[in-house]
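>>> Provided below for reference: sequence and predicted model.
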Amino acid sequence: MSFRVRVITAGVAAGAIASGAFAFHALLMQYTGSGTDHLGASIAFGDVNGDERSDIVVGADVGGYVSVYDGANLSQTLHEFVGAVAGDGFGTALAVADLNADGSGDIVVGAPSWDGPAGNNVGYVRAFDGVTGAQLFELQGQKGTDASDPRWRWAT
Ligand SMILES: [Ca+2]
Ligand SMILES: [Ca+2]
């Protein structure tokens with residue numbers, strides 16, 4: 001079984017048959033995972049390389065990786081990130097935001113199934129610089145037993 005992500009643009013061509021109008025939807029690009037990667041489990045958009053065109057970020061939560069594709073050249077991979085360990089769910093959640101204020105979007109990836117020092121399935125979040133791909137920071141979930149501890153919700 002494989003999972004695919006298709007990038008489709010709407011209404012690039014239009015025509016009419018008899019009394020009805022219709023539009024063609026052209027397939028711009030298809031990204032295909034392998035095995036049971038779950039490529040396409042998460043998707044985010046944002047300009048990570050500063051060329052003012054949105055790039056495409058795709059997560060594979062079972063495969064444990066995230067691929068970043070250049071919006072100006074859809075077959076060009078800008079970055080590939082992998083999780084800490086197999087089965088940690090890296091790529092389950094994605095976001096793009098300019099965290100270091102350099103004008104380019106950075107990539108934030110969640111791995112909710114990671115077993116850390118604080119316990120099983122505490123998860124972690126990593127942020128990567130959109131231009132260089134360097135890791136900016138990592139946040140790890142915490143286990144707490146005190147209900148007033150705001151981190152407690154992470155552990156439940
Ligand atoms: Ca871009
Ligand atoms: Ca940035």
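Cool, got the structure. Note that the coordinates shown come from a computational prediction; the quantities given were computed from them, not determined experimentally. Ligands and ions are numbered 1, 2, ... in the order given.
>>> Okay, helices next: where are they in this protein?
Listed in chain order, the helices of the chain (DSSP state H) span 152-155.
>>> Close to ligand 2: what parts of it are there?
98, 100, 102, 104, 106 (C-beta under 5 Å from the ion). Every residue, glycine included, has its C-beta placed from N, CA and C.
>>> Can I have the buried ones of those residues as a PyMOL selection?
Applying 16 or more other C-beta atoms under 10 Å to these leaves a buried subset, and the PyMOL line that selects it is:
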select buried, resi 104+106
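>>> In strands, which of the residues of the chain next to ligand 2 appear?
residue 106 (DSSP state E).
>>> With pLDDT as extra columns, can I get the residues of the chain next to ligand 2 in TSV?
Below are those laid out as TSV (pLDDT from 0 to 100):
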residue	pLDDT
98	98
100	97
102	97
104	97
106	98
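>>> Which of the residues of the chain next to ligand 2 sits closest to residue 133?
For the residues of the chain next to ligand 2, the minimum distance to residue 133 (C-beta to C-beta) is 9.9 Å, reached by residue 106.
>>> Ligand 1: which of the residues of the chain next to ligand 2 is nearest?
When the residues of the chain next to ligand 2 are compared for distance to ligand 1 (C-beta to the ion), residue 104 wins out at 8.0 Å.
>>> Roughly how far does that closest one sit from residue 130?
4 Å (C-beta to C-beta, to the nearest Å).
>>> Between these two, which contacts overlap?
47, 48, 49, 50, 98 (C-beta atoms under 8 Å, 6 or more residues apart in numbering).
>>> Can you flag the buried ones in these?
Applying 16+ other C-beta under 10 Å to the shared contacts of residue 104 and residue 130, the neighbour count classes 47, 48, 49 as buried.
>>> Sweet, I'm off.
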